Structure formats: structure tokens, C-alpha cells
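Q: output the structure for:
(one chain, ligands or ions: 2)
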Amino acid sequence: MYTRQICRRVASGASRRSFASAASKESSNSIAYLVGAAAAVGGLAYYNSESTNKVASLEKPKDVDQALADLKQIVDSTIAAEIAVEKEKFAKYWPRSIMILFGPPGAGKGTHGPKIENLMGIPQLSTGDMLRAAVAAGTEVGKKAKAVMAAGGLVSDDIVVGIIRDRIKEEDCKFGFILDGFPRTLVQAEALDKMLSEEGSAVSKVIELSVPDSVLEERICGRWIHKKSGRSYHVKFAPPKSMVIGEDGKPVAESMKDDETGEALMQRKDDTSTALVKRLQGYHGETVPILEHYAPNGVVKSVNANQKMNGVWSEILAALSR
Ligand code: ADP
Ligand code: ADP
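A: Ligands and ions are numbered 1, 2, ... in the order given. Now for the predicted structure:
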């Protein structure tokens, strides 16, 4: 089957051109390649058109397998080179896709962000994850952020704007990125707009995960996280396969393991009802006005996040499409 695809590609105009140029780069043995390829194509035509018995009675030309392997390598590298050229064009001339995943703590940003990442092929940038990594590494930023984060307060605008400014310059952001947990204040939103306007781009979509405060305590207090990947679990709504419930009716901490890696899950220090009260105050007071800021651009899409995860995901998909 694969060999037939190769033959078809080689026969198509565009691929023939690229094939010829790739073959010419292999100047020392291009003729051998082409002869091998022709032998391969001829051999295949024969295999396809004759009865099984007749084919079985044939002695296969010795170098067909090698010629096919060489041909496959050339075609594969040619296609890869063409894809790279197209990608460069997109990276250079097309605006980046810049999304904000918006919602209170526990709305589902960490649950759905990775799925959007896979779908769109752009990275999710979580300022919370970056700050937690800085705290764990004991960097200057981490030292400044540690106490305020544990209490559920907001880290200073200067710090988070600086983190994002550097992060979006990285290679994996060249087609765009998904912001999770940023911007959280109007000052941050304006700083973001300014840095994007310097390259002629702007926020292209804000997906608001709308959910009443009343359901968030249960979500936040039952959340377990795989630190390395950011995967979110929940003791009731999304338990890991390994979860064992103890005699006290609570999950046994040692049994909480990541489904994919088997590594231990952890609970965040600020995932407590006390810190949540403060985080929600910050959300309503300082973060929600950002929606008004972006609404006039027509980029804000609201999703009902107070339903089963699959339902939320369907609405997100609808909101993402043009
Ligand atoms: P955020 O990143 O917005 O703070 P998460 O995606 O981590 O929120 O979700 C918080 C907790 O709620 C997690 O434990 C997650 O498994 C759970 N959760 C997420 N979406 C839903 C939902 N639609 N219904 C029930 N639980 C959910
Ligand atoms: P949440 O579950 O509240 O969405 P995050 O993981 O996004 O949590 O953030 C955790 C903490 O990190 C916040 O409570 C806050 O202290 C800090 N933080 C994250 N992003 C920002 C930001 N953009 N501005 C200020 N503080 C931030």
C-alpha cells in the first residue's frame, strides 16, 4: 500500500519536481536512485497486474527492496522539506493565533487547555504553572511570589508581564499560544495588547468558562494534579484509575497516581476553601473587567462550564471554530 502511495506521489507534478531536485542533491548516486526507482515502479506494476501464481514464479529483482527504501527516504525528506517551507511562510507572514482561556479557579482551564493545545498545535502558557515552577526552583521571582500565592493573592503585574513577554518569544509560540491565568488584571491586559500591537497582532479569541462560584469549592478541594504535565484529576469527577478509598471515606494519598506515567499526584497548597475565597474575590474584582475590555472586538465567546466535561468540550469546540 505504502509503495503505491510513493509511486503516486512520484508521478504527481509537484512531487516529481521536488523529487528531481532532491535526487540532484544526492549528485554522487542520483542516477542509481532513479534507476532503482524505475526498477521499483516497473516491478510494482508487474506485481499489481499479474496473477498471484505468475508473480510467485518470478524472481524478484535483487535491488528492488533497496531501491524502494532509498526512494522512500528521498520522498519523505522532500515532503518534510516542503512542509518546513510552508511552516516558515505561516510563521513569518500570518498573524499568530492568540487565545485567552478565561475563568475562575476550578472552571476547567487546566482540564480543557491541553485538548485545545493538541487540536490547534499551539502551546498553553499557564502563569500559575510558571510561577509554581519558579517557587519550586527558588528563583528571585519565586521568592517574591511564594507567600502571596499561598494566600491566594495576586503576584505583581510587573512580574507576570515580564514572564509572558519572554515566554511568547520562544520558538514554540511562533504560530500562536493559549494564555491560561493571564491576563488577570486590566493593567496586564493592556500590557499584553501593547506587546502584541508591536508585531501587528492582537488577541484573537477569549474563551470564557462560565461557572457559578457555588460549584467551585467542591472542584478545587477535590483537585489532584500531575505536576510535570499539569494534568488535573478530581476525587469525584475525574478520579485517577489507581485511586483507592480508605476507611475514612477519603482517597488514600499514596494511591493517587497519574494515569499516563504512574507518577504521584499532588494537591496544591492554595487549593483550600480559605484561599479560594480570596482567589474568587480577586477574580470578580480584578479579572472579570477584562471581558468588558475585549468585548468590543467581538472576540469573547462564553461557554457554559457548569455541565459534564464532554458538554463543556463540545461548546469549546464550537467557540473555537470561525
Ligand atoms: P482551572 O485550571 O480552571 O483552575 P481545572 O481544569 O483544574 O480548573 O478543574 C478544577 C477541578 O475540577 C479539577 O479537579 C477537574 O478535574 C474538575 N473539573 C473540571 N471540569 C469539570 C466539570 N465540568 N465538572 C466537574 N468537575 C470538573
Ligand atoms: P487558578 O486555579 O486560580 O486559576 P493559577 O494556577 O492560574 O490558579 O494561579 C495560581 C496563583 O498564581 C494565583 O492564585 C496567583 O497567586 C498567581 N498568578 C497566576 N497568574 C497570575 C497573574 N496573571 N497575575 C497575578 N498572579 C498570578
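Q: tell me which stretches of the stretch 101-250 of the chain form helices.
A: 109-120, 127-137, 140-150, 157-167, 186-197, 216-221 (DSSP state H, counting those that start in this stretch).
Q: just the CA atoms of the shortest one, as CSV, please.
A: Below are the C-alpha coordinates for helix 216-221, written out as CSV (Å, rounded to 0.1, in the frame of the first residue of the first chain):
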residue,chain,number,x,y,z
LEU,A,216,-16.1,25.7,42.7
GLU,A,217,-15.3,24.8,46.3
GLU,A,218,-16.0,21.1,45.6
ARG,A,219,-14.0,21.2,42.4
ILE,A,220,-11.0,23.0,44.0
CYS,A,221,-10.9,20.9,47.2
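Q: what is the neighbour count of the residue of the stretch 151-300 of the chain found nearest ligand 2?
A: Nearest to ligand 2 in the stretch 151-300 of the chain, going by CB to the nearest ligand atom, is residue 181, at a distance of 3.0 Å. All C-beta spots, glycine's among them, are computed from the backbone N, C-alpha and C. Residue 181 is flanked by 23 other residues according to other CB atoms under 10 Å.
Q: going forward can the numbers begin at 461, since that is how I track them
A: Noted, 461 is the first residue going forward, which turns the last one into residue 641.
Q: torsion angles phi and psi at it?
A: phi 90, psi 10 (degrees, to the nearest 10).
Q: between the helices of the stretch 561-710 of the chain, which gets nearest to residue 688?
A: helix 587-597 (10.2 Å; CB to CB).
Q: is the closest one in proximity to ligand 2?
A: Yes: Helix 587-597 is in contact with ligand 2 by CB under 6 Å from any ligand atom, via 587-588, 591.
Q: counting contacts, what elements does that helix pack onto?
A: helix 600-610, helix 617-627, strand 636-640 (3 or more CB pairs under 8 Å, 6 or more residues apart in numbering; DSSP states H and E).
Q: out of these, which is the most enclosed?
A: strand 636-640 (a mean of 23; mean count of other CB atoms under 10 Å).
Q: contacts for that strand?
A: Residues outside strand 636-640 that contact it (CB atoms under 8 Å, 6 or more residues apart in numbering) are 556-561, 569-570, 573, 576-577, 580, 582-588, 624, 628, 652, 664.
Q: could you rerun that using 10 Å?
A: Defining contact as CB atoms under 10 Å, 6 or more residues apart in numbering, one finds that strand 636-640 is touched by 554-563, 569-570, 572-574, 576-577, 580-589, 624, 627-628, 630, 648, 652, 661, 663-667, 690.
Q: now list the buried members of these.
A: 556-563, 569-570, 572-574, 576-577, 580, 582-589, 624, 627-628, 648, 652, 661, 663, 665-667, 690 (16 or more other CB atoms under 10 Å).
Q: picking that back up, which one of the residues of helix 587-597 next to ligand 2 is nearest ligand 1?
A: Looking across the residues of helix 587-597 next to ligand 2 and measuring by CB to the nearest ligand atom, the closest to ligand 1 is residue 588, at 7.8 Å.
Q: tell me the contacts of the closest one?
A: 565, 569-570, 609, 615, 620, 640-642, 644, 690, 728, 730.
Q: distance to residue 534 added to the residues you listed, as JSON lines?
A: Output for those, formatted as JSON lines (distance: CB to CB, whole Å):
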{"residue": "565", "distance to residue 534": "53"}
{"residue": "569", "distance to residue 534": "45"}
{"residue": "570", "distance to residue 534": "44"}
{"residue": "609", "distance to residue 534": "54"}
{"residue": "615", "distance to residue 534": "53"}
{"residue": "620", "distance to residue 534": "48"}
{"residue": "640", "distance to residue 534": "42"}
{"residue": "641", "distance to residue 534": "46"}
{"residue": "642", "distance to residue 534": "45"}
{"residue": "644", "distance to residue 534": "51"}
{"residue": "690", "distance to residue 534": "40"}
{"residue": "728", "distance to residue 534": "51"}
{"residue": "730", "distance to residue 534": "55"}
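Q: so among those, where is pLDDT lowest?
A: pLDDT across those is at its lowest for residue 690, which sits at 82.
Q: tell me how far that residue lies from residue 708.
A: Going from residue 690 to residue 708 by CB to CB, to the nearest Å gives 29 Å.
Q: how many residues are close by the nearest residue to residue 662 once chain neighbours are set aside?
A: Sequence neighbours aside, residue 656 is the residue nearest to residue 662 in space, at 5.4 Å (criterion: CB to CB, 6 or more residues apart in numbering). Counted by other CB under 10 Å, the residues lying close to residue 656 total 17.
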